[in-house]
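Peer 1: here is a sequence together with a model predicted from it:
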Amino acid sequence: MMEWDRLIGSEICRVKRAAALLGVSEDDLMAVGRSSALSAEESWDDEGGRSLSSWVWLQVHYDVGKVLERHGRMLAHDTEYEAATDDELPPDPDTVVLVGRALTYLQAHLHSLEWTLLWLRHAEGWTSSEIADELGITTVAARIKLHRAARKSETLLRSAGIVE
């Protein structure tokens, strides 16, 4: 299995900041990746048109993404009901699914810094100043990076047909 550790590690490196924010350890992701790589090796068919390494990467990418999506949904679910009062109704299930799809898509397609910036701002409620302090940049630079990440997110979601 060690032959796939480099591939698995590169996938985990891409999402490790988001994983940390969601409370998923790198060790847990590595275990998921190794399990996924084993399953991919067993299911690979050389007549399918994909190389073995491409097939393994695809499966690892998918399974790691599913773990992060599941943790994101649990976090959103916990947050949603912690903030709700007796007078508020729970969100529409279709909206929850749409938000989950959007978050998963963005996490897969945004650079990890862009994802982290948006997560800190919108999910954690950090100010531009707090983000700037954390990253060691100016507040103006943080605002610019946030604006660009938000524009890129909107473009990605529109092009994928997730939002209109």
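Peer 2: Everything's here; your move.
Peer 1: give the rounded mean pLDDT of stretch 127-144.
Peer 2: Averaging pLDDT along stretch 127-144 gives 88.
Peer 1: next one: stretch 34-43
Peer 2: Per-residue scores along stretch 34-43 average to 86.
Peer 1: what's the domain layout of the protein?
Peer 2: The chain breaks down by automatic domain parsing into domains covering 1-86, 91-164.
Peer 1: just the element for the closest residue to Leu103 other than its chain neighbours, please.
Peer 2: Nearest in space to Leu103, with sequence neighbours left out and distances taken as Cβ to Cβ, 6 or more residues apart in numbering, is Gly72 at 5.6 Å. Placement of C-beta: from N, CA and C, glycine included. Assigned by DSSP states H and E, Gly72 belongs to helix 52-83.
Peer 1: picking up where we left off before, from memory the residue nearest to Leu103 sits against Leu22, does it?
Peer 2: Yes: here Gly72 reaches Leu22: they are 5.7 Å apart, a contact under Cβ atoms under 8 Å.
Peer 1: which of the domains of the chain has the lowest mean pLDDT?
Peer 2: domain 1-86 (a mean of 77).
Peer 1: could I have the host helix or strand of Tyr105 exported to PDB, CA atoms only?
Peer 2: Per DSSP H and E: Tyr105 is located in helix 93-109. The C-alpha trace of helix 93-109 is given here as PDB (Å, rounded to 0.1, in the frame of the first residue of the first chain):
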ATOM      1  CA  PRO A  93     -34.400  19.800   2.800                       C
ATOM      2  CA  ASP A  94     -33.800  20.800  -0.900                       C
ATOM      3  CA  THR A  95     -31.900  23.900   0.200                       C
ATOM      4  CA  VAL A  96     -29.700  21.800   2.500                       C
ATOM      5  CA  VAL A  97     -28.900  19.400  -0.400                       C
ATOM      6  CA  LEU A  98     -28.200  22.400  -2.700                       C
ATOM      7  CA  VAL A  99     -25.900  24.000  -0.100                       C
ATOM      8  CA  GLY A 100     -24.100  20.700   0.400                       C
ATOM      9  CA  ARG A 101     -23.600  20.200  -3.300                       C
ATOM     10  CA  ALA A 102     -22.300  23.800  -3.700                       C
ATOM     11  CA  LEU A 103     -19.900  23.400  -0.700                       C
ATOM     12  CA  THR A 104     -18.500  20.100  -2.000                       C
ATOM     13  CA  TYR A 105     -18.100  21.500  -5.500                       C
ATOM     14  CA  LEU A 106     -16.300  24.600  -4.300                       C
ATOM     15  CA  GLN A 107     -14.100  22.700  -2.000                       C
ATOM     16  CA  ALA A 108     -13.000  20.500  -5.000                       C
ATOM     17  CA  HIS A 109     -12.400  23.400  -7.300                       C
END
